[in-house]
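S.K.: have a look; sequence and predicted model below, questions after that.
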Amino acid sequence: DSGVTQTPKHLITATGQRVTLRCSPRSGDLSVYWYQQSLDQGLQFLIQYYNGEERAKGNILERFSAQQFPDLHSELNLSSLELGDSALYFCASSVGGRSEKLFFGSGTQLSVL
Amino acid sequence: AQKVTQAQTEISVVEKEDVTLDCVYETRDTTYYLFWYKQPPSGELVFLIRRNSFDEQNEISGRYSWNFQKSTSSFNFTITASQVVDSAVYFCALMMDSSYKLIFGSGTRLLVRP
């Protein structure tokens, strides 16, 4: 158990809908990362937050947004969902430095039908 | 630019064979960090090792060993006497000192047959 909690584990929804994925980092970790894993794109970095502030941005679509709250949990919001958004979404946390290892949650499997 | 290449998509070996997973990276930074992660069938990504760019010492941990060579921009991973439980997808990843993005390679799926 990595100590990173992601909910829900599975999510099935329809095209055009909006969903929210939630992540609770390990106790003491200030940094949260979001990744998307799909068969064709592999593991894609989406966005990173550190202590409530956005610190790095990757290939995140404009339809996607994220935030980190004062209690350090994070939410990834996906809107106007398309079939191609079906993927496994991982959250990871670390204390915050660049050289530190990331601890990954078990992921949220999103299926857009 | 920052890039990680794992050219081996899938490797299949028989138990007890040694196997090496290749990783080649690209970065303009002189300071950077390299990682290996394992993703077993259960799906969760598990950290294996971290290496920084100014430490080229090879590392051995049990049946696992890592060979870091800056001259060839490679950070290869060897499993000695492989076991069925080693079957997983293995990812190499890179973080530059100028960025907080941890970029992953496409992964190598290792199948260890009994």
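M.R.: Ah, there it is.

S.K.: show me the contacts for the nearest residue to A:Pro8 once chain neighbours are set aside.
M.R.: The shortest distance from A:Pro8 to any non-neighbouring residue, by CB to CB, 6 or more residues apart in numbering or on different chains, is to A:Thr108 (6.1 Å). All C-beta spots, glycine's among them, are computed from the backbone N, C-alpha and C. Contacts of A:Thr108 were listed using CB atoms under 8 Å, 6 or more residues apart in numbering or on different chains, and they are A:6-11, A:21, A:88-89.

S.K.: next one: B:Gly105
M.R.: Contacts of B:Gly105 (CB under 8 Å, 6+ apart): A:42, B:4-6, B:23, B:91-93.

S.K.: what's the spacing between it and A:Ser106?
M.R.: Shown here: B:Gly105 relative to A:Ser106, a distance of 21 Å by CB to CB, to the nearest Å.

S.K.: ditto for B:Asn58
M.R.: For B:Asn58, the distance to A:Ser106 equals 32 Å [CB to CB].

S.K.: for the contacts of A:Thr108, work out which two are farthest apart.
M.R.: Using CB to CB, these span at most 14.1 Å, a distance reached by A:Thr7 and A:Leu88.

S.K.: give the burial count for residue 61, as a bare number.
M.R.: This is for chain A. 14 (other CB atoms under 10 Å in any protein chain shown).

S.K.: let's do chain B instead
M.R.: Other residues near B:Ser61 come to 9 when the count uses other CB under 10 Å.

S.K.: excluding chain neighbours, what is closest to it?
M.R.: Excluding the flanking residues, the one nearest B:Ser61 by CB to CB, 6+ apart is B:Ile49, at 7.3 Å.

S.K.: I figured that neighbour hits B:Trp66, correct?
M.R.: Yes - in this structure B:Ile49 lies within contact range of B:Trp66 using CB atoms under 8 Å: 5.6 Å.
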